[in-house]
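1. Generate a structure from the sequence data that follows.
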Amino acid sequence: LLHDAEGAVVTVETKRGELIRGLLFEAEDMMNLYIKKAVVLGPTPGAKRKVEQVYVRGTEIVFIVLPEMLRHAPMFERIKHWRKHGGAPREEVGGVAVGQTAAILRKAGERRRGGFGGRGGGFGRGG
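-> Take a look at the predicted model:
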C-alpha cells in the first residue's frame with residue numbers, strides 16, 4: 001500500500017512525537033520512507049521547520065496518514081475477495097484460479113493425486 005502512495009502527500013507520526021507531512025518520494029519494504037518537501041512539527045509545541053527531504057526509518061514510525069484516493073487501491077479488492085470467499089483465490093472467466101496462491105494450491109493437488117510435477121521428478125533426494 002505504501003508503494004501505491006508514492007508521489008502523494010502523506011503525514012507520518014514518529015516515536016519522538018514529530019509529525020512529518022510531505023511528498024512520499026519512496027517507500028522501502030521495511031517501511032523506511034523518503035519524504036521530500038516536508039514540514040516537520042517538532043515534539044515540542046510550536047516547533048515547526050521546513051526541510052527539503054527527510055528519511056524516516058520504519059522502526060521509528062507510529063502512524064501514517066495516507067491519501068483518500070488509496071481507498072480504491074487494487075490491494076483492497078483482493079482483501080474483499082478473500083473475506084467474501086474464505087481465502088479462495090480469484091478465478092478467471094474459465095474457472096481457473098490465477099496468481100501465486102493458485103499455483104501453490106494446484107501443486108498441492110498434484111501431490112495429493114500422486115502426480116510427478118515439479119523439479120527432481122519426485123524420487124526423493126538427489127534422484
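2. Tell me where this protein has helices.
-> Read by DSSP state H, the chain holds these helices, from start to end of the chain: 74-85, 99-112.
3. Could you tell me the end-to-end distance of stretch 40-50?
-> 6 Å (Cα to Cα, to the nearest Å).
4. Now it: buried residues?
-> By 16 or more other Cβ atoms under 10 Å, the buried positions in stretch 40-50 come out as 40-41. All C-beta spots, glycine's among them, are computed from the backbone N, C-alpha and C.
5. List the contacts of that stretch.
-> The list of residues contacting stretch 40-50 from outside it, by Cβ atoms under 8 Å, 6 or more residues apart in numbering, reads 16-21, 37-39, 51, 54.
6. same deal with stretch 13-25?
-> With Cβ under 8 Å, 6+ apart as the test, stretch 13-25 has contacts from 2, 5-12, 33-43, 53-54, 56, 60-64.
7. buried residues in that stretch?
-> When burial is assessed from 16+ other Cβ under 10 Å, stretch 13-25 yields the following buried residues: 13-14, 18-20, 22, 24-25.
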